[in-house]
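Engineer: I would like to see how this sequence folds:
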Amino acid sequence: MKVVAFYGSPRINGNSETLLNEALKPIEAEGHEIISFKLNFMNIKPCQNCGGCDKKGRCVIDDDMTDIYKAIREGDRFILASPIFFFALSAQTKIMLDRCQAFWAEKYLLKREIPAGKYGRKGLLFLVGGMKREVGINCSENSAKAFFRTISVPTHETLAYLGIDAKGDILEHPTALKEAYEAGKRLVSI
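Structural biologist: Residues are numbered from 1 along each chain as shown. This is a model prediction of the structure:
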């Protein structure tokens with residue numbers, strides 16, 4: 001099984017990366033292939049809304065999204081980990097999602113969906129934010145849900161943690177690491 005992981009925070013070894021790494025432990029232990037993308041360190045230009053993908057379902061911009069497009073087409077499981085900034089996914093995450101407009105055009109305009117493959121397609125979403133109100137979770141999850149459905153991932157699980165702001169705060173949460181580990185196990189179960 002091929003698992004594609006997207007880390008959307010600019011912070012190295014931050015709270016969302018800690019959760020992502022915890023979820024990847026059982027996946028790696030079971031011998032599944034993992035392809036990881038640290039979005040902050042990639043050359044990804046924002047979507048230009050040029051309509052270039054409307055006729056072929058392919059983006060006309062040539063940058064690091066090429067590797068992401070390939071991984072999304074070949075993947076079976078997908079993990080998206082992002083901090084919540086101003087009630088939304090991080091800019092790094094959102095740029096990648098917006099560039100998946102090419103998949104949207106392919107699926108909804110050209111009526112060509114990414115095949116489910118041998119194992120089907122499932123997703124896992126990690127959200128971490130310093131705020132106390134759930135509006136940040138709701139807004140972020142709606143964007144992530146649109147992404148997952150656009151890349152033909154019909155179901156995903158969300159784990160969200162509020163009141164987690166400073167680097168390392170997630171380590172003080174009583175259940176977060178265990179929940180992330182167990183979610184990783186569930187993600188690759190058939």
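Engineer: and residue 128, what is it in contact with?
Structural biologist: 14-16, 19, 82-84, 160-161, 164, 170 (C-beta atoms under 8 Å, 6 or more residues apart in numbering). The C-beta positions use only the backbone N, C-alpha and C, and glycine is treated the same way.
Engineer: can you tell me which of the residues you listed are in helices?
Structural biologist: Mapping these onto helices (DSSP state H) picks out 15-16, 19.
Engineer: Which of those ranks first by neighbour count?
Structural biologist: For these, the largest neighbour count, defined by other C-beta atoms under 10 Å, is 29 neighbours, found at residue 19.
Engineer: Contacts only, for it.
Structural biologist: By C-beta under 8 Å, 6+ apart, the contact list for residue 19 reads 81, 126, 128, 159, 161, 170, 176-177, 180.
Engineer: Identify the farthest-apart pair in these.
Structural biologist: 81 and 177 (13.4 Å; C-beta to C-beta).
Engineer: The two - which one has more neighbours?
Structural biologist: The residue with more neighbours, out of residue 81 and residue 177, is residue 81; 29 against 17, by other C-beta under 10 Å.
Engineer: correct me, but that one touches residue 14?
Structural biologist: No: at 9.3 Å, residue 81 does not count as touching residue 14 under the criterion of C-beta atoms under 8 Å.
Engineer: Give me the neighbour count for the spatially closest residue to residue 165 that is not a sequence neighbour.
Structural biologist: Nearest residue to residue 165 in three dimensions, chain neighbours excluded: residue 130, at 3.1 Å (C-beta to C-beta, 6 or more residues apart in numbering). A count of nearby residues for residue 130, using other C-beta under 10 Å, gives 15.
Engineer: Wait, residue 130 touches residue 170, no?
Structural biologist: No: counting by C-beta under 8 Å, residue 130 stays clear of residue 170, with 11.4 Å between them.
Engineer: tell me, what's touching those two both at once?
Structural biologist: In contact with both residue 130 and residue 170: residue 164, using C-beta under 8 Å, 6+ apart.
Engineer: and which of the contacts of residue 128 is nearest residue 25?
Structural biologist: Comparing those against residue 25 with C-beta to C-beta picks out residue 19 as the nearest, at 11.1 Å.
Engineer: returning to that earlier point: need the contacts of residue 19 in TSV (columns: pLDDT).
Structural biologist: Output for the contacts of residue 19, formatted as TSV (pLDDT from 0 to 100):
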residue	pLDDT
81	97
126	96
128	95
159	96
161	94
170	93
176	95
177	96
180	97
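Engineer: In which helix or strand does residue 103 reside?
Structural biologist: Secondary structure from DSSP states H and E places residue 103 in helix 101-104.
Engineer: One more: residue 140?
Structural biologist: Per DSSP H and E: helix 135-150 holds residue 140.
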